[in-house]
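Student: One predicted model, sequence on top.
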Amino acid sequence: MPEMLGYKINTTGKKQSQRRLETNIKGAWRELGVFCDSSPAETKGEARHRCCQQSPSEREGAERRATEALRLGEKGGEDADWKSCFQCFVDVQDSLRLCSGHILTQYNIVNVDSCFKKLDHIFNTNERVIEAGRVGGGFDQTLKEILDAEILPMVKEFDQKQNYDTVYERRLQTAADNFIAAASKLPRVSGCFPPCGFQSAGAVYNCITCKYDSCEFPLDCPVEEIEIMEKSKSKMWCHVPFDLPDDIEVIWRFAEKVKTEQMDEFREVTAGVDRLYSIHSTGLQHQGTYQCEIYSGGRSIVRLYFYITVTPQVVTGHTELQEIFDLSLLPGGQLLPAPGGSRSSNLPLLPLLLCACLSTSLLLLFLSLGALYWFSVPEHRYPDEDSDEGGDFMSE
């Protein structure tokens, strides 16, 4: 019986609660005319007369007990763990008034059980209705207004009146189609963006649970690895693909020389609203893990991690020079051609260069030998000078 009303009873370990709930609902609905099937001792006509000929006070008391029984099922917890789309927006009392005059054409008797089965089929288990209800935040109230506009006029029209099941079928199906058409035009959300973060803006309304489904991602994002050269400027941007509230607070933390996501290893370095953290001249002491945590209203929304590896500048310079030297040599120890030239254009110049170097070396050798010979020859006096002097002495 409870399942026909759109509630699924959680019976695990709670058999007595289930039986008590079913007894309350059946007893109240029997007084209202739900179970108007004839007993072995009476005809169908007598059963219909017994169920439908009640005083206003008797009917009011039965409605009150039926309402309380239904609300017990609505509360969930011990006795129920599921709700349906129709129950999200339509009041229990309105449902009772809507179905109180439902007549089975085949037997010409009032049977509210069949009415609730129609509601389940047309609204509660209808995938098109559920999908139309998947709207963004804040539009669940609009869904209620749309459904009330379709159902409440029927409640007012059918209250205390009897109508055949074919009329109910036609009118309820039209109401469901109108709800689908109107609800489908409401704004949708882009949904959830993996892999992390509490994304309330991406949640969509679930007509089965009567609440918004949150994006079930962890707060901690995967660690992003960054390699940076010493004395270079490094930047870390705390960016997420989903929309953030306006009242955010950003806290940056640092765990020196380790790659980690353990909160107790971090120390706070700055707090405010700036999602950009930069280091003007990165040193070896800056190597480690940086954490950016975004808060809103005192609640954490997301945590991002950046692991920075710093390469020393000396090692970097040596490595770059070695790479340049290796690239400059061709196989066989030959040098690369000059820019704009080809390797073949340099080959005829090599013999000329070798000849010039050899000629210069030989010239320097001969000049050196000549200089040595010149300085090694002794000084001699000439005979003419001596004869002149002797001649002058004899004339005197």
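Tutor: Received it, and whenever you're ready, just let me know what you need.

Student: can you map out the strands along the stretch 251-396 of the chain?
Tutor: 267-272, 276-279, 288-296, 299-311 (DSSP state E, counting those that start in this stretch).

Student: roughly how far apart are Asp120 and Arg188?
Tutor: Distance from Asp120 to Arg188, counting by CB to CB, to the nearest Å: 26 Å. No exception for glycine: its C-beta is placed from N, CA and C like everyone else's.

Student: tell me the pLDDT at Phe217?
Tutor: If you check Phe217, the pLDDT there is 89.

Student: And the one 10 residues further on, by the same measure?
Tutor: At Glu227, the model reports a pLDDT of 95.

Student: And Ser214, by the same measure?
Tutor: 76.

Student: Could you measure from the residue lying closest to it once chain neighbours are set aside over to Val135?
Tutor: In this structure, Ser214 finds its nearest non-sequential neighbour in Ala203, 5.1 Å apart by CB to CB, 6 or more residues apart in numbering. Distance, Ala203 to Val135, using CB to CB: 10 Å.

Student: Asp120 and Arg188 - which one has more neighbours?
Tutor: Asp120 (18 against 12; other CB atoms under 10 Å).

Student: Could you pull out the buried residues of stretch 235-254?
Tutor: 236, 238, 240, 242, 244, 250-254 (16 or more other CB atoms under 10 Å).

Student: Show me the shaky parts of the stretch 251-396 of the chain.
Tutor: 315-350, 377-396 (pLDDT under 70).

Student: now the helices: where do they sit in it?
Tutor: 313-328, 349-376, 383-395 (DSSP state H, counting those that start in this stretch).

Student: now swap in the stretch 51-200 of the chain and tell me
Tutor: Using DSSP H, counting those that start in this stretch, helices in the stretch 51-200 of the chain cover 56-74, 85-89, 92-99, 112-119, 127-132, 140-158, 165-183.

Student: can I get the ones you listed in JSON lines with mean pLDDT and distance to Ile308?
Tutor: Shown next, in JSON lines, are the helices of the stretch 51-200 of the chain (pLDDT from 0 to 100; distance: least, CB to CB, whole Å):
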{"stretch": "helix 56-74", "mean pLDDT": "49", "distance to Ile308": "54"}
{"stretch": "helix 85-89", "mean pLDDT": "83", "distance to Ile308": "50"}
{"stretch": "helix 92-99", "mean pLDDT": "91", "distance to Ile308": "60"}
{"stretch": "helix 112-119", "mean pLDDT": "90", "distance to Ile308": "60"}
{"stretch": "helix 127-132", "mean pLDDT": "91", "distance to Ile308": "46"}
{"stretch": "helix 140-158", "mean pLDDT": "94", "distance to Ile308": "45"}
{"stretch": "helix 165-183", "mean pLDDT": "95", "distance to Ile308": "49"}
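
Student: For Leu276, which of the ones you listed is the nearest?
Tutor: helix 140-158 (36.7 Å; CB to CB).

Student: So Glu145 versus Asp159, what's the distance?
Tutor: On the measure of CB to CB, Glu145 and Asp159 end up 21 Å apart.

Student: ugh, wrong one, Asp113
Tutor: Relative to Asp159, and taking CB to CB, Asp113 is found at 19 Å.

Student: Comparing those two, which shows the higher neighbour count?
Tutor: A count of neighbours by other CB under 10 Å puts Asp113 above the other of Asp113 and Asp159, at 18 against 13.

Student: what about that one, distance to Val92?
Tutor: Counting by CB to CB - Asp113 and Val92 are separated by 16 Å.

Student: What of Ser361?
Tutor: Counting by CB to CB - Ser361 and Val92 are separated by 114 Å.

Student: Have a look at those two and say which one is more surrounded.
Tutor: Neighbour totals were compared for Ser361 and Val92, and Val92 leads with 17 against 9 (other CB under 10 Å).

Student: any idea how far Leu219 lies from Val314?
Tutor: In this structure, Leu219 and Val314 are 40 Å apart, going by CB to CB.

Student: Which one of those two is surrounded by more residues?
Tutor: Remark: of Leu219 and Val314, Leu219 carries more neighbours, 14 against 9, as counted by other CB under 10 Å.

Student: residues touching the more buried one, list them.
Tutor: Residues in contact with Leu219 (CB atoms under 8 Å, 6 or more residues apart in numbering) are 196-198, 300-303.

Student: how about these, which pair is most distant?
Tutor: Taking CB to CB as the measure, the contacts of Leu219 span a maximum distance of 11.4 Å, between Cys196 and Ser300.
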